[in-house]
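Peer 1: The sequence and its predicted three-dimensional model are supplied below.
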Amino acid sequence: MSKTKISIGIISGIILVIMIVLFLINNSELEEKLVVMMEPDVIMPTKVSRPGCEETNSCYIPSLVTIKIGDQVTWSNEDSAFHSVTSGFYGEPSSLFDSGYLDPGQQFSFTFKDEGLVDYFCTLHPWMKGQVLVE
Ligand SMILES: [Cu+2]
């Protein structure tokens, strides 16, 4: 076998190994993204950045979720505008949780460790209100 053929063989082998490694890295990133997206318990539907949804309790759907202590609730922003999920009332937030501004398509999860009725709202849209009842 000539030196040229051996060199081509070695180079081909190296390229193949690099391609396999890149393929594996890409795949693991994809799996992480799939795991991070949860089935939401509550969604923020489209057009709730304008008043009106409060008349039908549909700013967060459902506007009341009932769970058990230790359960996690996941919210999903399915609107094209920013929204937040912030405990308390507009102008009077409590320190329990605050999602910050959620981009369209972004999710926020919180695990409730205490019993009671928790009110939450959107810091950008005062009419957006929801509740979590922890039993
Ligand atoms: Cu909002």
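Peer 2: Received the coordinates, thanks.
Peer 1: OK, contacts around the most centrally placed residue in the chain?
Peer 2: By C-alpha atoms, centre = their mean, the chain has its centre lying nearest to residue 107, at 1.7 Å. If a contact means C-beta atoms under 8 Å, 6 or more residues apart in numbering, then residue 107 has 37-38, 40, 74-77 as its contacts. Heads up, the C-betas are built off the backbone N, CA and C, glycines and all.
Peer 1: likewise residue 80?
Peer 2: With C-beta under 8 Å, 6+ apart, residue 80 has these contacts: 46, 104.
Peer 1: thinking again about what came up before, mind giving me the ChimeraX select for the contacts of residue 107, buried ones only?
Peer 2: Selection of the buried residues among the contacts of residue 107 in ChimeraX, burial being defined by 16 or more other C-beta atoms under 10 Å:
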select :40,74,75,76,77
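Peer 1: quick one: which of the contacts of residue 107 is nearest to residue 93?
Peer 2: residue 75 (15.8 Å; C-beta to C-beta).
Peer 1: so what does the host helix or strand of that closest one touch, helix or strand wise?
Peer 2: Take DSSP states H and E as the rule and residue 75 turns out to sit in strand 72-77. Counting contacts by 3 or more C-beta pairs under 8 Å, 6 or more residues apart in numbering; DSSP states H and E, strand 72-77 is packed against strand 42-44, strand 107-111.
Peer 1: With just CA atoms, put it into PDB.
Peer 2: C-alpha atoms of strand 72-77 as PDB (Å, rounded to 0.1, in the frame of the first residue of the first chain):
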ATOM      1  CA  GLN A  72     -45.700  21.700  40.300                       C
ATOM      2  CA  VAL A  73     -47.700  24.000  38.000                       C
ATOM      3  CA  THR A  74     -46.400  24.900  34.600                       C
ATOM      4  CA  TRP A  75     -47.500  28.000  32.700                       C
ATOM      5  CA  SER A  76     -46.900  28.400  29.000                       C
ATOM      6  CA  ASN A  77     -47.000  31.800  27.200                       C
END
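Peer 1: How far away from the center of its chain is that strand?
Peer 2: Taking C-alpha atoms, centre = their mean, to the nearest Å, one finds strand 72-77 lying 7 Å from the centre of the chain it belongs to.
Peer 1: Give me the contact status of it with the ion.
Peer 2: No. Contact between strand 72-77 and the ion is absent, the nearest approach being 8.5 Å (criterion: C-beta under 5 Å from the ion).
Peer 1: Right, I'll call it a day here.
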